[in-house]
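Peer 1: Only the shape, not the letters, is given here:
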């Protein structure tokens, strides 16, 4: 096995092992399961910081919810047969349900039930309960086929949960670079496996790769957050970091689903968006583009809020049928897709780290055949037009390597390689790119 193939295999196994370790934990916004997840985060990155926001903490319109943990839940018919239980799926009990015990008619249960005909065999994640300030009730979810097969009558339901105080947590790991400018790599750690434990594990692997780069140009931050609440409280409590953050790369549902998608930033045609487009094109894999409010929208929505105004782009597989269901498990995750998303991300970072503005220090054009950089217009007209014409004639001391690659319809890495040869021979000089 080659060193490159072994490294790829090792990285896939490392991601798979972490997915398998963390996925069984109940990971609601403020919960013991999420606390254990952050212990693993700290184990993997000893220099990480775990920020804590106690239950009841208020910032403007938002209040950190109390800790909630599902202990058990069961539904039985009049003969004692189990219809469903949390031993089958923890999603049987809706998040933030109150405890309850008693007999209920089918019509009474229906008022507190979530079920979906389009995913008839799955329990469901009633994620909206997390954000419902007015919620004060019990609730369950059932596969549609099971619910629709039930006769009218009474059913016994017993739900046991544990409420507490505790604190909501946000995990932060920063790798400093020569510049203080920060790229935030973000994923939400609550909820399911592909959504979005896969993004969290991908973020960890990206940072492990960045640790190997000794001379980083930019500063990189990994944030593991409970969705919505996490970035809201983090951004409010860390204005110094927010001030230095120029963009967010959000990682969502990267291990399963139909198609690779680039989700655009809120503001049109940002440099961040163009970087990700170049990175994904450079991979040679097909992908779709989604507008900001399409696909799965997560914590980039918080950072793009007008008063914060940090633009974010996202890599995601969209759609995937098991979204917010009990079908979203480790078995759904494909190592191949995890590695492809890692490739997208590292190409994106490669563009950020290596882009610069080339300029000509001398007045006259270079003698390209002398430097073995000439493409003959008769023998290789396509490359002659791209490299010798459009690439070189657009070097004006204002366009970056990425800009020039776009103009010449070239991949970033081949444009960079060509221009580096000109730089090494003194034909061009470099200026740092301002973000």
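Peer 2: In hand now; what should we look at? Just so it is clear, the structure is predicted and the values come from calculations on it, not from any experiment.
Peer 1: Return the set of buried residues in the host helix or strand of residue 402.
Peer 2: Assigned by DSSP states H and E, residue 402 belongs to helix 401-408. If you call a residue buried by 16 or more other Cβ atoms under 10 Å, then helix 401-408 has these buried ones: 401-406, 408. Any C-beta I mention is one placed from the backbone N, CA and C, and that applies to glycine too.
Peer 1: export these to TSV and tack on distance to residue 71?
Peer 2: Converted to TSV, the buried residues of helix 401-408 look like this (distance: Cβ to Cβ, whole Å):
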residue	distance to residue 71
401	57
402	53
403	57
404	60
405	56
406	56
408	62
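Peer 1: Just name the closest of those to residue 16, please.
Peer 2: Residue 16 lies nearest to residue 402 out of the buried residues of helix 401-408, by Cβ to Cβ, at 33.2 Å.
Peer 1: For residue 277, which residues are in contact?
Peer 2: Shown in contact with residue 277 (Cβ atoms under 8 Å, 6 or more residues apart in numbering): 262, 289.
Peer 1: And stretch 227-243, what's buried?
Peer 2: For stretch 227-243, burial by neighbour count (16+ other Cβ under 10 Å) applies to 227-235, 241-242.
Peer 1: Can you name the residues bridging to the closest residue to residue 124 other than its chain neighbours?
Peer 2: Spatially, and ignoring its direct neighbours in sequence, residue 124 is nearest to residue 141 (4.2 Å; Cβ to Cβ, 6 or more residues apart in numbering). Per DSSP bridges, the residues bridged to residue 141 are residue 114.
Peer 1: buried set for the lowest-mean-pLDDT helix or strand in the chain?
Peer 2: The helix or strand of the chain with the poorest confidence is helix 381-383; it has a mean of 78 (mean pLDDT, DSSP states H and E). Using 16+ other Cβ under 10 Å as the test for burial, helix 381-383 gives residue 383.
Peer 1: Can you tell me what sits against the helix or strand following that helix?
Peer 2: Past helix 381-383, further along toward the C-terminus, the next helix or strand under DSSP H and E is helix 392-393. Contacts of helix 392-393 from elsewhere in the structure, counted by Cβ under 8 Å, 6+ apart, are residue 365.
Peer 1: for helix 392-393, what is the average pLDDT?
Peer 2: In this model, helix 392-393 has an average pLDDT of 93.
Peer 1: Just give the closest residue to residue 83, not the sequence neighbours.
Peer 2: Take residue 83 and drop its neighbours on the chain: the residue closest to it by Cβ to Cβ, 6+ apart is residue 75, 4.3 Å away.
Peer 1: related to what we said a few turns ago, in the buried residues of stretch 227-243, find the pair that's most separated.
Peer 2: Largest separation among the buried residues of stretch 227-243 by Cβ to Cβ: 227 and 241, giving 19.3 Å.
Peer 1: returning to that earlier point: show residues contacting the least confident helix or strand of the chain.
Peer 2: The list of residues contacting helix 381-383 from outside it, by Cβ under 8 Å, 6+ apart, reads residue 375.
Peer 1: circling back: run through the neighbouring helices and strands of the helix holding residue 402.
Peer 2: The criterion is 3 or more Cβ pairs under 8 Å, 6 or more residues apart in numbering; DSSP states H and E, and the helices and strands that helix 401-408 contacts are helix 271-283, strand 357-359, helix 412-424.
Peer 1: May I see the buried residues of the first one?
Peer 2: It stands for helix 271-283. Buried, per 16+ other Cβ under 10 Å, within helix 271-283: 271-282.
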